[in-house]
Structure formats: C-alpha cells, structure tokens
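J.: Generate a structure from the sequence data that follows.
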Amino acid sequence: TTVAGAATQMVILDQPDSAVAGDAFSPSIWIEARDAFGNRATSWSDSVRIVVDSGPSGGVVRHPVLGDRAEFLTNGGGPVYGALGGYEIEVAGTYRLRVVADGGLSVALAPFTVRATTPELLAKVSGGDETGAVLQAFAAPLRVRVTDQFQNPVGGVKVAWVDQGGGAVRLGGFGGPAEV
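T.: Residues are numbered from 1 along each chain as shown. Next up, the predicted model:
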C-alpha cells in the first residue's frame with residue numbers, strides 16, 4: 001500500500017459553471033488535498049475559506065450559517081476531502097473564486113457567472129410627469145430600471161406604459177429590454 005505524504009496541493013473535484021444570485025451553488029464546490037505525487041493526503045485537516053479572486057465590486061461569497069468556512073467530510077482519522085455546499089453570491093457578474101487553507105495551500109476555481117434572479121423592482125430612470133404634442137416624443141425619454149431583490153439589473157423584461165391622465169402613450173419602435 002502507498003502511504004500518502006503531507007499535503008502539498010489542493011485540487012478542485014467539482015464546481016459550478018454558473019449560479020443564480022442568492023441561490024446556493026449547484027453543484028457544491030468539492031476540494032481534495034493531495035501530496036506531491038497526487039495521492040489523497042489523508043492526514044490533512046486545515047480549515048479553508050472561499051475568497052473572491054476577481055469579480056464585480058461588492059461580490060462576496062457567503063454561507064447563511066458558516067460564513068465563508070468549509071464543512072468537511074471525514075474518512076477515518078481526519079478530513080480528506082471537502083464539500084463546500086450552501087455557499088452563494090448575491091451580486092451578478094463573472095467571478096473567479098479561490099479556496100484558501102489556513103496552512104497556506106490554495107486553488108483557484110474556473111471562472112463562472114452569477115446571473116440575476118427574477119425581476120422584483122422597477123425604478124424610474126428618466127421621463128414621466130410630462131406633457132407633449134400628439135405624436136411627438138417626450139423631452140426626456142421614458143426609461144426604467146428593472147432589478148432583482150439584490151439590485152442586480154434584469155434585462156429582457158417587457159414594460160407596459162400606462163397613461164393615468166386620460167391620454168395615450170405610444171411605444172413606437174420600442175422592442176428592447178428595459179434599461180439595464
């Protein structure tokens with residue numbers, strides 16, 4: 001039998017390629033510590049955390065209970081591989097995460113994208129409360145921003161304009177998403 005040496009590297013066994021803002025990563029991030037020859041380092045027992053190597057400003061990896069610490073599965077004498085389940089990011093964008101062990105080992109995940117969740121909020125960006133001549137454009141175009149519960153812009157949302165003063169609003173050639 002081969003006796004594994006001390007851990008010299010961490011490897012990613014599985015990771016998500018995309019996620020939805022505020023939802024737990026699926027699949028979970030799976031890591032394993034290995035010795036210099038690629039054998040599972042069965043005596044390795046460092047705690048790890050997940051950090052953002054690159055991504056949008058304000059993007060933070062968090063777990064509703066554990067913060068940014070890992071939960072490990074054990075095999076006999078100690079932890080040998082870990083499933084980092086239940087972690088999420090609320091800010092949409094493309095990220096590169098890194099798993100960092102207290103003992104100094106680290107490994108970067110492949111880049112992945114966090115998408116906005118379902119639309120929840122509609123906010124006026126410009127226009128509104130205007131009057132104008134029939135068939136003429138308003139001075140300030142009617143624009144809104146549609147966001148999810150985390151303030152991530154949500155594109156592709158159709159918005160219907162309604163005049164509350166008895167007139168009519170014509171969309172003309174509008175066929176695109178709300179301003180993002």
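J.: and residue 136, which of the three is it?
T.: coil (DSSP: H, G, I helix; E, B strand; the rest coil).
J.: That one: how many residues sit nearby?
T.: 7 (other C-beta atoms under 10 Å). Every residue, glycine included, has its C-beta placed from N, CA and C.
J.: give the contact list for it.
T.: Counting by C-beta atoms under 8 Å, 6 or more residues apart in numbering, residue 136 makes contact with nothing.
J.: quick one: it from residue 160, how far?
T.: 21 Å (C-beta to C-beta, to the nearest Å).
J.: Show me the longest strand that occurs in the chain.
T.: strand 93-101 (DSSP state E).
J.: Now do the helix or strand just after that strand: everything it contacts.
T.: Sequence-wise, the next helix or strand downstream of strand 93-101 (DSSP states H and E) is strand 106-108. The contact list for strand 106-108 (C-beta under 8 Å, 6+ apart) reads 9-12, 31, 53, 96-100.
J.: Drop anything exposed from the residues you listed.
T.: 10, 31, 97-100 (16 or more other C-beta atoms under 10 Å).
J.: measure the residue most central in space within the chain to residue 2 for me?
T.: When C-alpha atoms, centre = their mean is applied to the chain, the residue found nearest the centroid is residue 114 (3.3 Å). Note on residue 114: its distance to residue 2, by C-beta to C-beta, is 40 Å.
J.: pull the helix or strand with minimum mean pLDDT from the chain.
T.: The helix or strand of the chain with the lowest confidence, counting by mean pLDDT, DSSP states H and E, is strand 71-75 at a mean of 47.
J.: was I right about residue 94 contacting residue 110?
T.: No: Residue 94 lies out of contact with residue 110 (C-beta atoms under 8 Å); the separation is 10.9 Å.
J.: for the protein, what spans make up the strands?
T.: 9-14, 18-20, 29-34, 48-54, 71-75, 78-84, 93-101, 106-108, 112-115, 121-126, 143-147.
J.: Could you check the fourth one and say which residues are buried?
T.: By neighbour count, with 16+ other C-beta under 10 Å as the criterion, the buried positions of strand 48-54 are 48-50, 52.
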